[in-house]
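1. one predicted model, sequence on top.
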Amino acid sequence: MQEQARPGRLRWRCRRGMKELDVLLERFLERERQALAAGRWPELEVLLDSSDEVLWHWLQHPAAVDAAPYHDLLERIRHG
């Protein structure tokens, strides 16, 4: 039951204070809906704990040293 609610919880957490982030994250959620429902991309939940400013910086500069643990995920969000 909890896994069925996961995409909805993630969608809610992806609503940010920056329209640019909303657009990128919403597209990612749509593309990865089935994978997310199956538990893929668990680091997304950790990534969403970041502030909008940090998240935006990492999406603009995925090679940043502090973004290294999320590099693959950031690239998927940016480019699909």
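-> Sure, I can see it.
2. and Phe28, how many residues sit next to it?
-> 21 (other Cβ atoms under 10 Å). All C-beta spots, glycine's among them, are computed from the backbone N, C-alpha and C.
3. sorry, wrong one. I was asking about Arg11.
-> By the criterion of other Cβ under 10 Å, Arg11 has 15 neighbours.
4. check which element follows the lowest-mean-pLDDT helix or strand in the chain along the chain.
-> The weakest-scoring helix or strand in the chain, judged by mean pLDDT, DSSP states H and E, is helix 2-13 (a mean of 77). Counting by DSSP states H and E, the next helix or strand C-terminal to helix 2-13 is helix 19-31.
5. report the central residue of the chain.
-> Leu44 (4.7 Å; Cα atoms, centre = their mean).
6. how close does it get to His71?
-> 13 Å (Cβ to Cβ, to the nearest Å).
7. again, but for Ala5
-> For Ala5 relative to His71 (Cβ to Cβ), the value is 28 Å.
8. sounds good, over and out.
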